[in-house]
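Trainee: got a predicted model here, sequence first, then my questions.
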Amino acid sequence: MTAIAETALFRAVGARTRRIRHSGWLNPQILVAGAVLAAWLFVVVAAPWIAPFDPLAETGARLSAPSAQHLLGTDSLGRDVFSRTLYGARESLPIAVAAIGASLIIGCLLGAIAGFFGGVVDATIMRVADITMAFPAILLAMAVAAALGPGLTNALLAIVAVWWPIYARLTRGQVMSIKEREHVEASKAIGSSRWRTLFRHILPHSVTPIMVNATMDLGQIVLLVASLSFLGLGALPPSPEWGAMITEGAKNFYQPWIAAAPGIAMVSVTLAMNFLGDGLRDVFDVRARR
Amino acid sequence: MNRPRLGKLARTKGAIVGVAALATALSACGSPATTSAAEGARQLVIARAMDVSTLDPQRGYCDTCQIIFSAVYETLVTVDPDDPSSIVPRLATSWTVNDDATSFTFELDPDAVFSDGSPVEASDVQFTYERMVNLQGSASFLLAGLESIETPDAHTVTVNFADPNSAFLAIGAAPYLGIVNEEVAVANGATAGEDAATADASEEWFLQNSAGSGPYTLAGYESGQSVELTANENYWGDEPTFPSVVINEVTDSSSQLQQLQQGDVDIAMQIAPDALAQLEGVTGVTTEVVDSYNFVYLMLAPGAAGGEALEDERVREAIKLAIDYDGVIDTTVGGYGKTQGSPIPNGFEGSEDQELPSQDLEQAKELLAEAGYADGFTISSAYPKFAVYGVDFDVMMQAIQQDLAEVGIELELTPMEYTQWAEMLGSGGSPITAVYFAPDHMDSSQYVQYFGMVPTGAWSATASVDGAVVNQAEVDGLAQALTETGEDRIATYTALGQEMADDLIILPIVNPQLVLAYASDVTGVEYSPCCNLDLAGLGIQE
């Protein structure tokens, strides 16, 4: 083998390796984030088995500092903060996923319709979205939650009410650019109905950036749910929802463990979601890869 | 007097702010106030969660109002700081009461002058009392049954009641009955006429100004920020030590604690017992824990939507028996509190012989089974979310929720903002809610009037699914008590306390002690039930 050929071979192999690396899936960001989220997923499923105590029962002296028995101490009712934090994941995370899911469905549908049909439909939907987005998310969510009354279900509705326009706008932009592509022209040419064209040939091509965005938003939603609970508009007592736990901790700031435990849990989830979102964007987004 | 619903709520609200009803033992005319107020004397700064919506003494009804009113206005009589059950002179030098306690004649101190220098006269008393009645405000019930007021001369005033009212001297010390300068008040829109409730246009003016004879005058009020008082230059009694007093709005115990530690404030009025440990050994800060007459209670409302299960008295008794009182007291105020047998708080006439509540889960379960709830039931409870008298309602209600779960009662909790909660009570109420009360004066009649199943009762309207409840024994007992004095009255109030305990509508949970926390060089910080904090009695240690 000549040196030149050898070099060429190495180059080829190197390029291939680089391509795999570049594909981003082995990005340490994604790996770490994935591991953290997998751990939380495990907690959500297995909380009853891994939590040492009943999260709602008085199981120790009140306001006691972290110890071997109570790893993260106890709160003002003598409940185990560690167990409550684990159970809190079961309250905070599913609600965030549900909120994102519902916002995605509503937002994508309305955005796609707006982008595809244009005209008055587009103007109507997008102006409503604009008006909604003109308000700070937390403010509008508070207003909606206050009107509906406290409770996690109402908090979820409030979040969906403020979050769908983000996806509507994103989807509309995607749909408008994709609908000019040739394969869409082709679909129209062979006589597909407009709805079929939209759902078969346009939407599937716009899903990726929306999903990446949704991943990054999930962290924000976890924070928003907690914020509403913190303000008393979300979870009701004695729920161990993280935001509600932080409210309680704030009243006892000489016992910092009460607020710190759910706070750190929330940071880990939000950070992991942002890492994952970043990583996924690197993987899928052509512009970012270049 | 038939007060409107909102008035009753405002009353409750008044009780809220007694979070830490501090008071000094020194009254304006009682003991010699510390002389000084020399140049360079400092401003006194107080941290307090305030609940002020008006500063008109005949309209207001809150504990912060009591502090301000008792510093700015003066009542005819006041409570002896050393013996709260006895009445001592303030604007009146002496008084006589007729045999059946329907007529009270007061001789006013000829030296007494208002802050504008004009003398305090009988006509001012008449104006104030008539205005109080006709404004139909939250505290107007204090003069229920007032028939007429006579002013034979400028310094003599006679107050006549339709029925015997042996509690009137005690009531006369309530800060809401502080005498207002008629001339100044009228010039600023006040009226005492029968149409005062609609015609009086002075509320706005009273929010920024005062027209009293007390040691301080109101210098300004900013909602949610602060109240400022300055010493009354024309005060006819002893000059107060502090030339100026500012009460700053500081809503929670933690922030008050911090500000006290940093020396930003001289007195922190609502420190929770949990925070006591943080103040231990802090130089320059004095803390004391004192008894109070305040209490926190559960109110059961069978007549509220979803409260039907409570119609059965056995269910209400089961709830009473299911609560671990010592546990709740430990959890909420770190053990700094007592149980209380009836709505008449420990220390008031009629409280001594009441049986104190205690937990009995077996009996509670039996009663529930008898009532057909062997498997328990679910019931909702909306309550205001705040801390009062050191008791955090969120914590208390969750502790009670755990206790009730032991007997199968699932309590669904909904914490609410105060105004939202008050609205909710006005529109049907919640089957179970948490409320609080601090005394208005030193006579037990207020507890029967407010908590009894009587026409003036705040909670009688929802006491049954069939509508308002009247317990004739309480109506008669109250009328009887107001004709009596001494041992007889105590016996009547004891019987009334028992009646109210047997109604099983009001379940007192804790009678908390209060934490007094203040800069060590401030003197005279004490708890008294009449006027909260007597600002004029505060001094500086030499």
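Mentor: In hand now; what should we look at?
Trainee: wait, B:Glu526 touches B:Asn532, no?
Mentor: No. In this structure, B:Glu526 is not within contact of B:Asn532 by CB atoms under 8 Å, at 10.7 Å. Heads up, the C-betas are built off the backbone N, CA and C, glycines and all.
Trainee: more neighbours, those two?
Mentor: It is B:Asn532, of B:Glu526 and B:Asn532, that has more neighbours when counted by other CB atoms under 10 Å in any protein chain shown, with 29 against 18.
Trainee: that one and B:Thr332, how far apart?
Mentor: Per CB to CB, to the nearest Å, B:Asn532 is found 22 Å from B:Thr332.
Trainee: which residue ranges of chain A form helices?
Mentor: With DSSP state H as the criterion, chain A has helices at A:3-22, A:28-50, A:81-117, A:119-134, A:137-148, A:152-178, A:182-189, A:194-196, A:203-230, A:242-251, A:257-284, A:286-289.
Trainee: mean pLDDT lowest for which of the ones you listed?
Mentor: Among those, helix A:286-289 carries the lowest mean pLDDT, a mean of 44.
Trainee: count of neighbours near the closest residue to A:Leu218 other than its chain neighbours?
Mentor: Closest residue to A:Leu218 apart from its sequence neighbours, by CB to CB, 6 or more residues apart in numbering or on different chains: A:Met273 at 4.7 Å. Neighbour count of A:Met273, defined by other CB under 10 Å: 24.
Trainee: how about the one 5 residues further on?
Mentor: Neighbour count for A:Asp278, taken as other CB under 10 Å: 19.
Trainee: residue contacts, the spatially most central residue of chain A?
Mentor: Central residue of chain A (CA atoms, centre = their mean): A:Leu218, 1.1 Å from the mean position. By CB atoms under 8 Å, 6 or more residues apart in numbering or on different chains, the contact list for A:Leu218 reads A:Ala96, A:Val97, A:Ile100, A:Met273, A:Gly277.
Trainee: so how far is chain B from it?
Mentor: Distance, A:Leu218 to chain B, using CB to the nearest CB, to the nearest Å: 28 Å.
Trainee: for the spatially closest residue to B:Leu143 that is not a sequence neighbour, which three-state class applies?
Mentor: Leaving out its chain neighbours, the residue that sits closest to B:Leu143 by CB to CB, 6+ apart is B:Val133, at 5.1 Å. Secondary structure, DSSP: H, G, I helix; E, B strand; the rest coil: B:Val133 is helix.
Trainee: is it true that B:Thr128 touches B:Phe69?
Mentor: No. In this structure B:Thr128 lies outside contact range of B:Phe69 using CB under 8 Å: 11.6 Å.
Trainee: quickly list what's touching both of those two.
Mentor: B:Pro57, B:Gly178.
Trainee: what about A:Ala259, neighbour count?
Mentor: For A:Ala259, the count of nearby residues is 22 (other CB under 10 Å).
Trainee: now for it: which residues touch it?
Mentor: Contacts of A:Ala259 (CB under 8 Å, 6+ apart): A:Met245, A:Ile246, A:Glu248, A:Gly249, A:Ala250, A:Asn252, A:Phe253.
Trainee: sorry, back to before: could you check how far the residue nearest to the centre of chain A is from A:Val269?
Mentor: According to CB to CB, A:Leu218 stands 8 Å off from A:Val269.
Trainee: likewise A:Met176?
Mentor: According to CB to CB, A:Met176 stands 34 Å off from A:Val269.
Trainee: comparing the two, which residue is more hemmed in?
Mentor: The neighbour count for A:Met176 versus A:Val269, taken as other CB under 10 Å, is higher for A:Val269 (25 against 18).
Trainee: what sits closest to the more buried one if chain neighbours are left out?
Mentor: Nearest residue to A:Val269, sequence neighbours excluded (CB to CB, 6+ apart): A:Val222, at 5.4 Å.
Trainee: ok, the one you found touching A:Ala96?
Mentor: Yes. At 4.6 Å, A:Val222 counts as touching A:Ala96 under the criterion of CB under 8 Å.
Trainee: how about the strands in the stretch 201-350 of chain B?
Mentor: Remark: strands assigned in the stretch 201-350 of chain B by DSSP state E, counting those that start in this stretch are B:216-222, B:226-231, B:244-249, B:267-268, B:285-290, B:295-300, B:337-338.
Trainee: most packed of those strands?
Mentor: strand B:267-268 (a mean of 28; mean count of other CB atoms under 10 Å in any protein chain shown).
Trainee: can you tell me the strand partners of that one and which way each runs?
Mentor: Strand B:267-268 has the following sheet partners, assigned by DSSP bridges: strand B:44-48 (parallel), strand B:514-519 (antiparallel).
Trainee: chain center to it, what's the gap?
Mentor: In terms of CA atoms, centre = their mean, to the nearest Å, the centre of strand B:267-268 is set 19 Å apart from its chain centre.
Trainee: buried ones in stretch A:201-215?
Mentor: By 16 or more other CB atoms under 10 Å in any protein chain shown, the buried positions in stretch A:201-215 come out as A:His201, A:Ile202, A:Leu203, A:His205, A:Ser206, A:Thr208, A:Pro209, A:Ile210, A:Val212, A:Asn213, A:Ala214, A:Thr215.
Trainee: contact residues of the stretch 251-400 of chain B facing chain A?
Mentor: By CB under 8 Å from any CB of the partner chain, the residues of the stretch 251-400 of chain B that approach chain A are B:252-254, B:274-275, B:277-278, B:330-331, B:385, B:387, B:392, B:394-395, B:397-399.
Trainee: which of those count as buried?
Mentor: Counted by 16+ other CB under 10 Å, these give B:252-254, B:274-275, B:278, B:330-331, B:385, B:387, B:392, B:394-395, B:397-399 as buried.
Trainee: kindly report the residues of the stretch 51-200 of chain A close to chain B.
Mentor: By CB under 8 Å from any CB, the part of the stretch 51-200 of chain A that sits against chain B consists of A:Leu56, A:Ala57, A:Glu58, A:Arg62, A:Leu63, A:Ser76, A:Leu77, A:Gly78, A:Gly149, A:Pro150.
Trainee: tell me who's in contact with the fourth one.
Mentor: So that's A:Arg62. Contacts for A:Arg62 (CB under 8 Å, 6+ apart) come out as A:Thr74, A:Asp75, A:Ser76, A:Leu77, A:Gly78, B:Asp330, B:Thr331.
Trainee: give me the neighbour count for the closest residue to the second one other than its chain neighbours.
Mentor: Of all residues not flanking A:Asp75 in the chain, A:Ile258 sits nearest, at 5.0 Å (CB to CB, 6+ apart). Using other CB under 10 Å, A:Ile258 has 28 neighbouring residues.
Trainee: you'd agree A:Ile258 is up against A:Trp242?
Mentor: No. Contact criterion CB under 8 Å: A:Ile258 and A:Trp242 do not qualify, at 11.5 Å.
Trainee: which phi and psi does residue 58 have?
Mentor: With no chain named, the answer covers chain A. Per-residue torsions, A:Glu58: phi -80, psi 110 (degrees, to the nearest 10).
Trainee: which residue packs closest to it, ignoring adjacent ones?
Mentor: In space, A:Glu58 is closest to A:Gly78, 4.0 Å off (CB to CB, 6+ apart).
Trainee: give me the number of residues near that neighbour?
Mentor: Residues lying near A:Gly78 (other CB under 10 Å) number 20.
Trainee: likewise the one 3 residues further on?
Mentor: Each residue near A:Val81 was counted by other CB under 10 Å, and the total is 30.
Trainee: quick one: residues contacting it.
Mentor: Residues near A:Val81 by CB under 8 Å, 6+ apart: A:His70, A:Leu72, A:Gly73, A:Thr74, A:Asp75, A:Met245, A:Trp257, A:Ile258, A:Ala261.
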